[in-house]
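1. need coordinates for the below:
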Amino acid sequence: MKAHYNPKRWRFSAALLSLLTAIFLTPAFGQLDFFSEPLADPFELGLSPHPGGSMFPTLADIDSDGDLDLFVGEKWNYSSGCFTETSLDFYRNEGNSDCPDFQLEASYPFGISEEATNIKFVDINGDGLLDLFGRKDCVSPTVEGAFICILNTGTATEPVFDAGDILYAPLVSTRKA
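-> Sure, this is the predicted structure:
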């Protein structure tokens, strides 16, 4: 079948698409205002980083209840090329996926090692359980950091991350001495 190019039809389609885009992206029609002021603390968690620190939020349905739970890692107190203070807090979603209600439950939950702060979750071995990936930053100016992986040895509703089973992949420095 041969396609026919009709410039009149093309111009009409482009004009209609532009009009619909303008209508549905305008705040007056109930759409998001892309240039509004950011919300300071939309979930009222009271989070603010330590001076000179960095926070790393991660969402995952860690308990398989159908809503996303929140992990917030933080690093601060940068000295001699390393962060010397870290934290990882777990906020269980007591609400639902439409109206989350994050409640602080624990620091370094489910046996997660204190080496993990900037973490992500993915099922790396195909067993249906979320495994942990993270980055261990240097603990002294002479020790390099590493990527870490901790396999979930628990269940989908009760995860367990055994700190004794951490897999390390060293970060290779590209800095020249």
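2. for the chain, just list every one of the helices.
-> In the chain, the segments counted as helices under DSSP state H are 7-24.
3. neighbours of residue 69, how many?
-> 22 (other CB atoms under 10 Å). Every residue, glycine included, has its C-beta placed from N, CA and C.
4. start the count at 23, not 1, going forward
-> Sure, I'll start numbering at 23, so the last one becomes residue 91.
5. surely it and residue 116 touch.
-> No: judged on CB atoms under 8 Å, residue 91 makes no contact with residue 116 at a distance of 9.6 Å.
6. common neighbours of these two, please.
-> Listed as contacting both residue 91 and residue 116 by CB atoms under 8 Å, 6 or more residues apart in numbering are residue 124.
7. quick one, what contacts the residue lying closest to residue 150 once chain neighbours are set aside?
-> With sequence-adjacent residues excluded and distances taken as CB to CB, 6 or more residues apart in numbering, residue 150 is closest to residue 178, at 6.3 Å. Applying CB under 8 Å, 6+ apart, we find residue 178 in contact with 85, 86, 150, 151.
8. pLDDT at residue 178, what is it?
-> Residue 178 is assigned 93 on the pLDDT scale.
9. now it: how far from residue 88?
-> Residue 178 is 12 Å from residue 88, where distance means CB to CB, to the nearest Å.
10. before we move on, what about residue 62?
-> Using CB to CB, we find residue 62 at a distance of 28 Å from residue 88.
11. before we move on, what about residue 132?
-> Taking CB to CB, one finds residue 132 at 19 Å from residue 88.
12. hang on, residue 96 packs against residue 138?
-> No: Residue 96 is not in contact with residue 138 according to CB under 8 Å; the separation is 11.8 Å.
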